[in-house]
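Student: Prediction below, plus the sequence it came from.
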Amino acid sequence: MNLTQSKILMTGTTGFIGGHLVRHLRTEKGASVRVLVRDPAKAEGLAKRGVELFEGSPSNSRLLYWPCRLSVVQSRSSSIRKALRTADN
């Protein structure tokens, strides 16, 4: 699956699985990744890898306007992981 033109907005990326998934999307798939985080300090490693951070909560609809507007795909990390597994098979 070629994601080099994709702009993906994700939540749930400061945990173990989400963090690995973001790195995979950036390095293996070439996707542009934006993440919504409650605590930017927890996502410092992702920011160093070129991931764009948006601070806030998924429950704040006003906050989500621009990150969603700037992205092609919006998903939780579990949904992206399932889609990648299906596409790679």
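Tutor: Sure thing, it's come through.
Student: could you list every residue that touches Leu46?
Tutor: Thr13, Thr14, Gly19, Val22, Arg23, Val33, Val35, Leu53 (Cβ atoms under 8 Å, 6 or more residues apart in numbering). The way it works is simple: take the backbone N, C-alpha and C, and place the C-beta from them, glycine included.
Student: who touches Gly50 in this structure?
Tutor: Shown in contact with Gly50 (Cβ under 8 Å, 6+ apart): Arg26.
Student: Give the helix, strand or coil label for it.
Tutor: Assigned with DSSP: H, G, I helix; E, B strand; the rest coil, Gly50 falls in the coil class.
Student: Make 36 the starting number, not 1.
Tutor: Shifting the count to begin at 36 puts that one at Gly85.
Student: how about it, phi and psi?
Tutor: Here is the backbone geometry of Gly85 (degrees, to the nearest 10): phi 90, psi 10.
Student: Quick check: the gap between it and Pro93.
Tutor: Distance of Gly85 to Pro93, computed by Cβ to Cβ, to the nearest Å: 22 Å.
Student: cool, and Leu38?
Tutor: The value you get for Leu38 to Pro93, if Cβ to Cβ is used, is 22 Å.
Student: Of the two, give the one with the bigger neighbour count.
Tutor: Between Leu38 and Pro93, Leu38 has the larger neighbour count (other Cβ atoms under 10 Å), namely 20 against 13.
Student: list the helices and strands the helix or strand where Gly53 lies packs on?
Tutor: Here Gly53, judged by DSSP states H and E, is contained in helix 51-62. Judged by 3 or more Cβ pairs under 8 Å, 6 or more residues apart in numbering; DSSP states H and E, helix 51-62 is in contact with strand 42-46, strand 67-72, helix 79-83, helix 112-123.
Student: export the first one as PDB, just CAs?
Tutor: Taking C-alpha atoms only, strand 42-46 is exported to PDB below (Å, rounded to 0.1, in the frame of the first residue of the first chain):
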ATOM      1  CA  LYS A  42      -2.100  12.800   5.200                       C
ATOM      2  CA  ILE A  43      -3.300  10.800   8.200                       C
ATOM      3  CA  LEU A  44      -4.600  12.100  11.500                       C
ATOM      4  CA  MET A  45      -4.500   9.600  14.400                       C
ATOM      5  CA  THR A  46      -5.300   9.400  18.000                       C
END
